[in-house]
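K.L.:
How does the following fold in three dimensions:
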Amino acid sequence: QVQLVESGGGLVQAGDSLRLSCAASERTFTTYVMGWFRQAPGKEREFVASINWIGAGTYYADSVKGRFTISRDNAKNTVYLEMNNLKPEDTAVYYCAAGNSIGNSVFPRDGKYDYWGQGTQVTVSS
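P.N.:
Sure thing, here's the model as predicted:
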């Protein structure tokens, strides 16, 4: 069982930056694809970004491409989401997730994330 704990959320103004962190409890962290998702009030959860097990491959939703950067430090069992030029529409609860790797894919096996964090709130004011 992998436990994921997000941190780094907060209230910022449009154009500001934030870095989210997600610490994993599992020593087998390197066997997982890691992803970030978000859910705004009244909306469905949506994919934001993912990174393969070694950190060499990444994938982003079009809405955040060029503004957000996902990275991981396997020595620290931690994945990050650097968010720049934040917009009010980025306001949401952000979740990290872990899914079993398959090769060097940026997607988990069967497209399924098995473990989820509790979320951290990001609020961007205009």
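K.L.:
just the strands in the chain please.
P.N.:
For the chain, the strands defined by DSSP state E occupy 4-7, 10-13, 18-24, 32-39, 46-51, 58-60, 68-73, 78-83, 92-100, 115-116, 120-125.
K.L.:
Also compute the angle for the fifth one relative to strand 78-83, please.
P.N.:
Just to be clear, that refers to strand 46-51. Using axes from the mean of the first three to the mean of the last three CA atoms, to 10 degrees, the inter-axis angle of strand 46-51 relative to strand 78-83 is 120 degrees.
K.L.:
strand partners of strand 46-51, parallel vs antiparallel please.
P.N.:
Strand pairing for strand 46-51, using DSSP bridges, gives strand 32-39 (antiparallel), strand 58-60 (antiparallel).
K.L.:
Now the most centrally placed residue in the chain. Nearest residue, chain neighbours left out?
P.N.:
Closest to where the C-alpha atoms of the chain average out (CA atoms, centre = their mean) is residue 36, at 2.2 Å. Leaving aside its chain neighbours, residue 36 sits nearest to residue 48 (4.3 Å; criterion: CB to CB, 6 or more residues apart in numbering). Where C-beta positions appear, they are placed from N, C-alpha and C, glycine not excepted.
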